[in-house]
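*Asks:* Here is a sequence together with a model predicted from it:
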Amino acid sequence: MENAVSYLTILLNDLEQTKNSLSTYNNIILMFQAKYGVLDEEGNATDGLYKSLTRKMSDEEKNQLIQTIIYFRSYATRAYIGYKSIESKLGNKDKKQVIEETYQIIKTNVMPKYDVVEKFVQALNDIFVIEINVQALINTAQKSSDLSRLSASPTLV
């Protein structure tokens, strides 16, 4: 049981890191969009956003964007591998299909579009929120803590 909880804890941390790096990716893209004006009149990214950005950005900015994508892809890969290890235990075929399709894009594109990355992260999180009984994990941790306290040796004075 302890190994399963540890595995799920690591997997959930990897999922959390994909959300954090997705946020960083979004922030960087927005900063560069604002700086280089690659938005249309309504403030939406143009179809050529990524090509426009990379043509206008300095080498340092390109490196910052690349490092952010590398960081995201590292955690996305870890989360995907963890997901694949327990996939047979999970339901929701629609979310599984989204995960598979978007991960293929993430792992093969140098600069995957933000919308694709966001769909991947959302589908992974959705499937785990649905499947993992968080309250059961909390109850198990509380019981373990209580048992540890009860079985502790009294201190001698």
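*Replies:* Nice, thanks for sending it over.

*Asks:* Now for the protein: which helix has the highest residue count?
*Replies:* Longest helix in the chain, counting residues (DSSP state H): helix 2-36.

*Asks:* Quick check: buried residues in that one?
*Replies:* For helix 2-36, the neighbour count (16 or more other Cβ atoms under 10 Å) marks 11-12, 14-15, 17-19, 21-22, 24-25, 28-29, 32-33 as buried. Placement of C-beta: from N, CA and C, glycine included.

*Asks:* Which strands or helices does that helix pack on?
*Replies:* helix 49-56, helix 59-86, helix 114-131, helix 134-151 (3 or more Cβ pairs under 8 Å, 6 or more residues apart in numbering; DSSP states H and E).

*Asks:* Pretty sure Tyr25 sits against Val117.
*Replies:* Yes. Look at Tyr25 against Val117 with Cβ atoms under 8 Å: they come within range, at 6.4 Å.

*Asks:* Give the residues shared as contacts by the two.
*Replies:* Residues touching both Tyr25 and Val117 (Cβ atoms under 8 Å, 6 or more residues apart in numbering) are Phe72.

*Asks:* Nearest residue to the middle of the protein?
*Replies:* Thr18 (2.0 Å; Cα atoms, centre = their mean).

*Asks:* And that residue, how far from Lys143?
*Replies:* From Thr18 over to Lys143 the distance is 30 Å, taken as Cβ to Cβ, to the nearest Å.
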